[in-house]
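3D, please:
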Amino acid sequence: MIENFYINRELFFWINSLAGKNKILDVFFIFLSKYLIFILLALYLFYFARLIWKDRKIEIKEFIIYFSGAFFAWAMSKIFKFFISAERPFSFFHLETLLKHNNVFSSFPSGHSTFAFALAFSVYFYNKKIGSIFIFLAFLVALGRVLTGVHYPLDIIFGGLLGSFVSFLLFRAMKYFYAVR
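Sure, this is the predicted structure:
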């Protein structure tokens with residue numbers, strides 16, 4: 001279904017064509033796809049820990065709501081994956097990829113992108129400058145998923161929108177119920 005959209009397929013091949021050309025770049029692409037999410041998570045925890053304990057700008061309950069919101073967004077992506085059984089590009093096109101993935105029918109949406117953008121936008125709502133850096137890192141995570149051949153561009157776009165939307169809803173709810181900034 002998703003793999004049949006012309007622009008999605010062509011954009012995937014254009015982005016993914018950068019992989020396999022240079023060993024150093026390939027290692028970098030794998031890092032973006034597989035490990036940058038953990039660095040983003042560590043930076044997120046450090047940022048909010050600083051806000052809570054040093055600056056006292058937010059309370060622990062706000063952090064818990066935002067952090068659990070990122071997991072809620074990720075869980076929503078898993079629900080979408082269950083109902084929309086989209087084949088991953090490496091399987092659909094029989095490609096050799098930089099990353100091996102066991103589950104070939106869980107492409108849409110990207111859970112990594114959903115989680116990364118949910119984290120990034122929850123920071124953005126507190127500090128636009130630092131949040132912009134987080135959004136850039138989330139974009140790199142998402143791009144890495146296409147570069148390594150495990151997702152289509154539409155997978156990461158929808159995942160990013162889903163994570164961003166959940167963060168936005170939580171921010172609005174927090175602002176409404178708890179009078180947060």
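
lowest confidence element among the helices and strands of this structure?
Of the helices and strands making up the chain, the lowest-confidence element is helix 89-92, at a mean of 70, by mean pLDDT, DSSP states H and E.

C-terminal to that one, what's the next element?
helix 111-124 (DSSP states H and E).

may I have that next one as PDB, with CA atoms only?
Output of helix 111-124 as PDB, limited to C-alpha atoms (Å, rounded to 0.1, in the frame of the first residue of the first chain):
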ATOM      1  CA  GLY A 111       8.500   4.400  15.900                       C
ATOM      2  CA  HIS A 112      12.000   5.900  16.100                       C
ATOM      3  CA  SER A 113      10.700   9.100  14.400                       C
ATOM      4  CA  THR A 114       7.600   9.200  16.500                       C
ATOM      5  CA  PHE A 115       9.600   9.000  19.800                       C
ATOM      6  CA  ALA A 116      12.300  11.300  18.700                       C
ATOM      7  CA  PHE A 117      10.000  14.100  17.600                       C
ATOM      8  CA  ALA A 118       7.800  13.700  20.700                       C
ATOM      9  CA  LEU A 119      10.900  14.300  22.800                       C
ATOM     10  CA  ALA A 120      12.100  17.100  20.600                       C
ATOM     11  CA  PHE A 121       8.900  19.100  20.600                       C
ATOM     12  CA  SER A 122       8.400  18.700  24.300                       C
ATOM     13  CA  VAL A 123      11.700  20.500  24.700                       C
ATOM     14  CA  TYR A 124      10.800  23.000  22.000                       C
END
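
so who does F125 touch?
By CB atoms under 8 Å, 6 or more residues apart in numbering, the contact set of F125 is G131, S167, F168, F171. C-beta coordinates here come from the backbone N, C-alpha and C atoms, glycine included.

please report how far it lies from A42.
Distance check for F125 against A42: by CB to CB, to the nearest Å, it reads 20 Å.

could you do V166 as well?
Counting by CB to CB, the gap from V166 to A42 is 21 Å.

quick one: contacts for the spatially most central residue of the chain?
With distances taken as CA atoms, centre = their mean, the chain has S113 as the residue nearest its mean C-alpha position (1.7 Å). Counting by CB under 8 Å, 6+ apart, S113 makes contact with A138, V141, A142, R145, H151, D155, I156, I157, G159, G160, G163.

which stretch of helix or strand covers the spatially closest residue to it that is not a sequence neighbour?
Distances taken as CB to CB, 6 or more residues apart in numbering put G159 closest to S113, at 3.3 Å, once the chain neighbours are dropped. Assigned by DSSP H and E, G159 belongs to helix 153-178.

great, nothing more from me.
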